[in-house]
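1. Dropping a prediction and its sequence here:
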Amino acid sequence: MRNRIVFITGGARSGKSGFAERMAAEASGKRAYLATAQALDQEMVERIAHHRKRRGDAWDTYEEPLAVAELVRKLAGRYDVLLLDCLTLWLSNIIARTDRDGDIETSGADLISALRSFSGMAIVVSNEVGFGIVPENALARRFRDLAGFMNQQVAAAADEAYLLAAGIPVKIK
């Protein structure tokens, strides 16, 4: 299978992950799920359990909150399909550890390079956070802006891109 990057975005609870999982399930070959979420509170524990149950046993799951590009490179050649869920949680994890936007931009470019080197289908899920009001505090605005820039870069590198609204996928690229 040739390299193919698919970018999927949408708001919270828009159906992004379910759509991505169905798309990956329709592809042939061995599947890896790369989760960036951390079970830091009870709500996230429950969300993670829900996602695991929905996926079933047809996936090998890797949990990595930070070294995502490195893990994508390690998984290359071992899997036909990679589902990365979710780009914005990964960004949040990085922001919690650095206040230097240049480090974040470098991490994003490194991830895109890793995705391009993945020999199969790489599906990337991300939240669209720019449709709402302008956040009141500087950290939230910084996150929104960095997420928007990162989404643009990954979407530009992708072969296909989808926007999910109310559970309905709209192909935008």
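-> That came through fine. Numbering: from 1, shown residues only.
2. Surely R47 touches A37?
-> Yes. R47 is within contact range of A37, at 7.0 Å (criterion: C-beta atoms under 8 Å). Backbone N, C-alpha and C define where each C-beta goes, glycine included.
3. Kindly list the single helix or strand of this structure that scores lowest on mean pLDDT.
-> The weakest-scoring helix or strand in the chain, judged by mean pLDDT, DSSP states H and E, is helix 42-55 (a mean of 78).
4. Contacts for the helix or strand just after it, please.
-> Using DSSP states H and E, the next helix or strand after helix 42-55 towards the C-terminus is strand 60-63. Residues external to strand 60-63 that are found in contact with it (C-beta atoms under 8 Å, 6 or more residues apart in numbering): 30-37, 52, 55, 71, 75, 79.
5. so which two of these are the farthest from each other?
-> Taking every pair in the contacts of strand 60-63 and measuring C-beta to C-beta, the maximum separation is 22.4 Å, between K30 and A37.
6. quick one: which of these two has more around it?
-> Taking neighbours as other C-beta atoms under 10 Å, K30 and A37 compare with A37 leading, 18 against 14.
7. Contacts only, for the more buried one.
-> The contact partners of A37, taken as C-beta under 8 Å, 6+ apart, are M44, R47, I48, E63, P65, D85, C86, L89.
8. quick one: the second one from R54, how far?
-> Yep, that's R47 we're talking about. With distances taken as C-beta to C-beta, to the nearest Å, R47 is found 11 Å from R54.
9. And the two? Which one has more around it.
-> R47 (14 against 10).
10. start to end distance for stretch 56-69?
-> Taking C-alpha to C-alpha, to the nearest Å, the first and last residues of stretch 56-69 lie 25 Å apart.
11. Give me the buried positions along it.
-> Neighbour-count burial for stretch 56-69, counted by 16 or more other C-beta atoms under 10 Å, picks out W59, Y62, E64, P65, V68, A69.
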